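Undergrad: Sequence below, structure please.
(one chain, ligands or ions: 1)
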Amino acid sequence: MNHTTHRTRLRVIVFGATGTVGRAALKVIDQSPDLFEVVGLACGRDAHALVALGNAYSNAILVCAADADETPDPTATPARGQTRGEVRRVQRGKASLEALARQQADVVVMAIAGVVALTPTLIALREGRPRVLAMANKEALVVGGEWLRRAAQGQTEIIPVDSEHNALYQILGGTQVDRHHVKRLILTSSGGPFLETPKHLWPTLTPAQACRHPNWNMGRKISVDSATMTNKALEVLEAATLFDMPLDSVEVIIHPEQYVHAMVECHDGNVLAHCAVPDMQVPLAHALHWLHGARPTLERLHVDWRQPMQWRFQPPDRARFPVLDFVRTLKTAFQRVAFNAANEAAVEAFLAERLRFDLIFPLVAATVRAAVAQTTEHEQGAREDVDDGVSSSSSSFDDWQMLDRFYEIDTISRRTFAQKLAAGGKQHLPLNQSDQ
Ligand SMILES: NC(=O)c1ccc[n+]([C@@H]2O[C@H](COP(=O)([O-])OP(=O)(O)OC[C@H]3O[C@@H](n4cnc5c(N)ncnc54)[C@H](OP(=O)(O)O)[C@@H]3O)[C@@H](O)[C@H]2O)c1
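TA: As a prediction, this is how the structure comes out:
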């Protein structure tokens, strides 16, 4: 794909604009107003926050995925000093979100949290056809990455902005290392907030503690995933899919400082590392400016080499975090969809204080095993279609039928999880509640 040689204003749509990554993307864009024009901003539920953001981008279509009867509409309750007529109109509902994905843009930033990003991402690739998809969302890549790559082929460059994967993209692209020379892809992990927390304390850990990440300011779902190390487990699947590498050649190393984001180890012993300050603006700037073929100046985001530093590396404790091995057993698309859905449901239950921290992984693993074993004959059909459709280049299903199949499996897994959670009764509750 050719870079843009002369500088033109790139039209950008940001999905998940009100989230941590979405806001970081807008910060990068705001530093180069002559290079970007924001033509669309979307959120999930918080239409008020979207309107507040939208004021700075007068040409942007504003879309909130929740219908107007689900969450308050800003026109009904304008901010202080504004009349109803002055409030920017927000288009509401899933259909509006999908219509935004069909809009033409040069760059789409996909920063919606969760597997719900799969549909707008696929629509953007199939119909909006941006030149770059700056992909922050990992859940959609984990369940349908090969499929999304096929949809992008020849028209859209998928640039991961998950910092580890962006690092690998830069190393592999920048050095043009031949894949046959790559022995391992190494993803670093801070270890999350509970790296050193004794295991006997895990039953008492709260959502507030889990969301206090040592290095990153992130949304609640990814914060809990980082605390259980499921985030890193998802990233192993994400890396294998994005870079077309076998799962067992993707390694995880604990690096609490998180300056080194990823490494590529070659068969000849060379290890190529990428480092940068842990701030999402760095990978986002790389992806957003990619079409300009230039790197922007990000003044405050530099490693301070004048300070003495210690960068530690250690292997993860796989017994404490068995999810790292568990994901390597997920061989089929069906299993990955079931795993992701069970995990999303478990994180939701933990955040709502309906599930103990230490029971997240055991319940997710049990759900995946049960969902795989208990599928009905009808559901078996969905399972085989999804496996065939994702792994082969020709599916008898079109994309939209495949999406229905994906969500069918997702529903089976969430239903199985809910049954298991209910069957556990008080045993699954946080300790302070189960005592009552
Ligand atoms: N945060 C990080 O440092 C980081 C790093 C690497 C990768 N990622 C990945 O990037 C994605 C976003 O993470 P985040 O930390 O930015 O999450 P976040 O702060 O929770 O933001 C999530 C965004 O998604 C929107 N959203 C939620 N449900 C939606 C729906 N059904 N339809 C449309 N929009 C919806 C939210 O809108 P409302 O505000 O209206 O709810 C919000 O704008 C995740 O997949 C995460 O794994 C994040």
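
Undergrad: Now for Gly54: which residues touch it?
TA: Leu41, Ala60, Leu62, Arg88, Val90 (C-beta atoms under 8 Å, 6 or more residues apart in numbering). Every C-beta, even on glycine, is put in place using the N, C-alpha and C of the backbone.

Undergrad: again but with Pro296, I slipped
TA: Residues in contact with Pro296 (C-beta under 8 Å, 6+ apart) are Val28, Gln31, Ser32, Ala285, His289.

Undergrad: And the residues you listed, which two are furthest apart?
TA: Distances among the contacts of Pro296 were taken as C-beta to C-beta; the most separated pair is Gln31 and His289, at 10.2 Å.

Undergrad: Tell me which of those two has more neighbours.
TA: Ranked by neighbour count (other C-beta atoms under 10 Å), Gln31 and His289 place His289 first, with 20 against 16.

Undergrad: what residues does the stretch 151-300 of the chain put near the ligand?
TA: Counting by C-beta under 6 Å from any ligand atom, the stretch 151-300 of the chain comes close to the ligand at Asp162, Trp216, Met218, Gly219, Lys221, Ile222, Met280.

Undergrad: Compute the number of surrounding residues for the nearest residue in space to the last one that is not next to it in sequence.
TA: Read it as Met280. Excluding the flanking residues, the one nearest Met280 by C-beta to C-beta, 6 or more residues apart in numbering is Ala24, at 4.3 Å. Number of residues near Ala24 (other C-beta under 10 Å) recorded here: 22.

Undergrad: With the one 5 residues further on instead?
TA: Taking other C-beta under 10 Å as the neighbour definition, Ile29 ends up with a count of 23.

Undergrad: which ones are touching it?
TA: Val12, Phe36, Val38, Leu288.

Undergrad: what would those residues look like in a markdown table with neighbour count and distance to Gly54?
TA: Compiled in a markdown table, the contacts of Ile29 are given as follows (neighbours: other C-beta atoms under 10 Å; distance: C-beta to C-beta, whole Å):
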| residue | neighbour count | distance to Gly54 |
| --- | --- | --- |
| Val12 | 27 | 14 |
| Phe36 | 23 | 15 |
| Val38 | 26 | 9 |
| Leu288 | 28 | 19 |
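
Undergrad: of all those, which comes closest to Arg129?
TA: Using C-beta to C-beta, Val12 comes nearest to Arg129 of those, at 14.6 Å.

Undergrad: Does stretch 14-21 reach the ligand?
TA: Yes - Stretch 14-21 reaches the ligand (C-beta under 6 Å from any ligand atom) through Gly16, Ala17, Thr18, Gly19, Thr20, Val21.

Undergrad: Leaving out sequence neighbours, find the closest residue to the first one.
TA: Taking C-beta to C-beta, 6+ apart, and ignoring the residues beside it in sequence, Gly16 has Ala111 as its nearest neighbour in space, at 3.4 Å.

Undergrad: how distant is the helix or strand containing Arg405 from the center of its chain?
TA: Per DSSP states H and E: Arg405 is located in helix 399-424. Centroid separation between helix 399-424 and its chain, computed with C-alpha atoms, centre = their mean, to the nearest Å, is 19 Å.

Undergrad: quick check, that helix touching the ligand?
TA: No - judged by C-beta under 6 Å from any ligand atom, helix 399-424 and the ligand are separated, with a smallest distance of 12.7 Å.

Undergrad: List the buried residues of that helix.
TA: 399, 402-403, 405-410, 412-414, 416-417, 420-421, 424 (16 or more other C-beta atoms under 10 Å).

Undergrad: That one - contacts with which helices or strands?
TA: On a contact count with 3 or more C-beta pairs under 8 Å, 6 or more residues apart in numbering; DSSP states H and E, helix 399-424 meets helix 118-123, helix 139-152, helix 333-351, helix 360-373, helix 377-391.

Undergrad: again, only using 6 Å
TA: The contact analysis (3 or more C-beta pairs under 6 Å, 6 or more residues apart in numbering; DSSP states H and E) places helix 399-424 against helix 333-351, helix 360-373, helix 377-391.

Undergrad: Sketch out the low-pLDDT regions of this structure for me.
TA: Scanning the chain for pLDDT under 70 picks out 1-7, 78-86, 175, 375-380, 391-397, 426, 430-436.

Undergrad: ok, the residue in the stretch 201-350 of the chain positioned nearest to the ligand - contacts?
TA: Nearest residue of the stretch 201-350 of the chain to the ligand (C-beta to the nearest ligand atom) works out as Gly219 at 2.4 Å. By C-beta atoms under 6 Å, 6 or more residues apart in numbering, Gly219 lies in contact with Gly19, Thr20, Ala113.

Undergrad: Between those, which sits nearest Gly145?
TA: Distances from Gly145 to those, taken by C-beta to C-beta, are shortest for Ala113, at 16.9 Å.

Undergrad: so that closest one sits right up against Val224, yeah?
TA: No - if you go by C-beta atoms under 6 Å, Ala113 and Val224 don't touch, sitting 11.2 Å apart.

Undergrad: This protein: strands as residue ranges?
TA: Taking DSSP state E as the criterion, the chain carries its strands at 10-15, 36-43, 61-64, 91-92, 107-110, 132-135, 157-160, 182-189, 250-254, 260-266, 271-275.

Undergrad: out of those strands, deepest packed?
TA: Compared across the strands of the chain, strand 107-110 shows the largest average neighbour count, a mean of 29 (mean count of other C-beta atoms under 10 Å).
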